[in-house]
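Trainee: Provided below are the primary sequence and the corresponding predicted coordinates.
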Amino acid sequence: MTSPCVLLWACLMVAASAGATDWKPKGESDRQDITTDLSYAERSAVRPSDGRQVTAHLAFFTSPGFRLKVVDLGAGAEPVYPTLADAFRAEGCVAGVNGGFFHPDLRPAGLVISAGRRINRFETAKLLSGVVYSDNQGVHLVRRAQFRDHPDIAALLQSGPYLVDGARAARGLSASDSSRRTFIATDAHGRWVLGATLSPLTLADFAQCLASTGALIPWRVDRALNLDGGSSAGFFFDRRGDKAPVTLSPWKRVRNLLGITPR
């Protein structure tokens, strides 16, 4: 005979699992082939339980084919480049989003490495719980405590909070303050995505959305890190040929950008 405690535990586990997979793909999202080394898609997801929706610009890439590049826009009154698209094109980036957090004086929050140059310092603030970087071995996304600094890092941003870890939505995320979100995520097997939402979401809701396989991201997200969103949210994807690039411009001046360049 099953004890009441065991039955209650089982019910709670089922409820938790249902909550983590509550988000579903919505409508006919852009079905462009994302099995290639680089592709763009605009995808939407919905939570059937309450009708909550999110749409995002997404740049899919593989770590064997691309490396990260942090574009520093400087701390002057005017950015180094007039627009996000100008910056990415000038720096040879085929896609990218806005980068990490920064203070009112435009000093970055946490460590930033741009073209091998170190800006600011490594910080232990609760918000800055993750580190995304490129070195000679590839692209990496790790928890702050797991990061090991070394001289071969060419591009790095310290940001946060972690949204997904081990394919599960991170705990303790804010369930208030809906904003547009910018993020980077990976399946831990060489597939990556940079994205910016067009819809406002809380961090908790967005984490659950990303952890719902197939909802917004068509593959299983193992890790995802939040970048500076809200009025800073920006996106760029160069579709080449005669197609205009996909762009989403930040509403305010930002300090840095996170892009990708071919290896």
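Mentor: Ah, there it is. Numbers count the residues shown, from 1 in each chain.

Trainee: what ranges do the helices span in the chain?
Mentor: Defined through DSSP state H, the helices belonging to the chain, from first to last, are 4-20, 84-90, 203-211.

Trainee: Now tell me which of those helices the model trusts least on average.
Mentor: For the helices of the chain, the stretch scoring lowest in mean pLDDT is helix 4-20; its value is a mean of 39.

Trainee: for the residue nearest the centre of the chain, what are its contacts?
Mentor: For the chain, the residue sitting closest to the mean C-alpha position, by Cα atoms, centre = their mean, is Phe183 at 1.5 Å. Contact partners of Phe183, counting by Cβ atoms under 8 Å, 6 or more residues apart in numbering, are 97, 163, 194-196, 206, 210, 224-227, 229. Backbone N, C-alpha and C define where each C-beta goes, glycine included.

Trainee: Looking at it now. What's its pLDDT?
Mentor: Taking Phe183 on its own, its pLDDT is 98.

Trainee: where does this structure dip in pLDDT?
Mentor: Segments of the chain classed as low confidence (criterion: pLDDT under 70) are 1-21, 28-35.

Trainee: Now with 80, please.
Mentor: Regions of the chain meeting the criterion pLDDT under 80 cover residues 1-21, 27-35, 241.

Trainee: shouldn't Phe60 be in contact with Arg191?
Mentor: Yes: with contacts counted by Cβ atoms under 8 Å, Phe60 reaches Arg191, the gap being 7.1 Å.

Trainee: Pick out whichever of the two has more residues nearby.
Mentor: More neighbours surround Phe60 than the other of Phe60 and Arg191, with 24 against 21 (other Cβ atoms under 10 Å).

Trainee: ok, that one to Val221 distance?
Mentor: Per Cβ to Cβ, to the nearest Å, Phe60 is found 12 Å from Val221.

Trainee: cool, Asp50 as well?
Mentor: Relative to Val221, Asp50 is positioned 22 Å away (Cβ to Cβ).

Trainee: out of the two, which sits in the busier spot?
Mentor: A count of neighbours by other Cβ under 10 Å puts Val221 above the other of Asp50 and Val221, at 27 against 9.

Trainee: Distance of the more buried one relative to Trp251?
Mentor: Between Val221 and Trp251 the distance is 27 Å, computed by Cβ to Cβ.

Trainee: what does His57 give?
Mentor: Here His57 is placed at a distance of 15 Å from Trp251 (Cβ to Cβ).

Trainee: the more surrounded of those two?
Mentor: His57 (25 against 11).

Trainee: What residue, apart from its backbone neighbours, is nearest Ser178 spatially?
Mentor: Distances taken as Cβ to Cβ, 6 or more residues apart in numbering put Pro200 closest to Ser178, at 3.9 Å, once the chain neighbours are dropped.

Trainee: surely that neighbour meets Phe206?
Mentor: No: under the contact definition of Cβ under 8 Å, Pro200 does not touch Phe206, with a separation of 9.6 Å.
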